[in-house]
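Participant: What shape does this take:
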Amino acid sequence: MINIKPSAAIRKNYNEISELCKRSGQPVFLTKNGEGDLVVMDIESFVRRESMLRLRENLIAAEEGRLNGKNGCSIDEVSNMIKTAVREVLDGQRR
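Facilitator: All right, here's what the predicted structure looks like:
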């Protein structure tokens with residue numbers, strides 16, 4: 001579900017918007033004069049999203065390297081990458 005609020009809502013209802021972000025785990029889109037202006041999200045969701053994006057970037061880079069003839073990663077290297085990503089996500093959830 002997409003949450004859209006006017007920008008004035010952040011000033012008037014900060015706690016409500018903060019709770020909505022935390023409860024839903026989804027961003028809230030703020031509009032100004034009827035146009036999209038900002039996106040607000042809670043820290044845990046942001047950290048989790050950034051960690052997943054970094055993992056995807058690493059996986060895409062590894063796949064592009066493989067397709068270009070580079071040697072792949074060892075099972076231990078892949079395992080360490082996955083453990084690091086999981087640790088980052090879990091650390092983000094604990095904040």
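
Participant: By mean pLDDT, which helix or strand of the chain comes out lowest?
Facilitator: helix 75-94 (a mean of 83; mean pLDDT, DSSP states H and E).

Participant: Go through that helix and flag the buried ones.
Facilitator: Met81, Ala85, Glu88, Val89, Gly92 (16 or more other CB atoms under 10 Å). C-beta: built from backbone N, CA, C; applies to glycine.

Participant: got the contact list for Leu5?
Facilitator: One correction, residue 5 is Lys, not Leu. Neighbouring residues of Lys5 by CB atoms under 8 Å, 6 or more residues apart in numbering: Asn13, Ile17, Val28, Phe29, Leu30, Thr31.

Participant: Which strand residues bridge the third one?
Facilitator: In this case it means Val28. When assigned by DSSP bridges, Val28 has beta-bridge partners Asn3, Val40.

Participant: give me every residue that touches the one residue sitting closest to the centre of the chain.
Facilitator: The residue lying closest to the centre of the chain (CA atoms, centre = their mean) is Arg49, at 1.5 Å. Counting by CB under 8 Å, 6+ apart, Arg49 touches Met41.

Participant: any idea how far Phe29 is from it?
Facilitator: Distance, Arg49 to Phe29, using CB to CB, to the nearest Å: 15 Å.

Participant: what does Asp42 give?
Facilitator: Counting by CB to CB - Asp42 and Phe29 are separated by 14 Å.

Participant: These two - which one has more neighbours?
Facilitator: Asp42 (21 against 15; other CB atoms under 10 Å).
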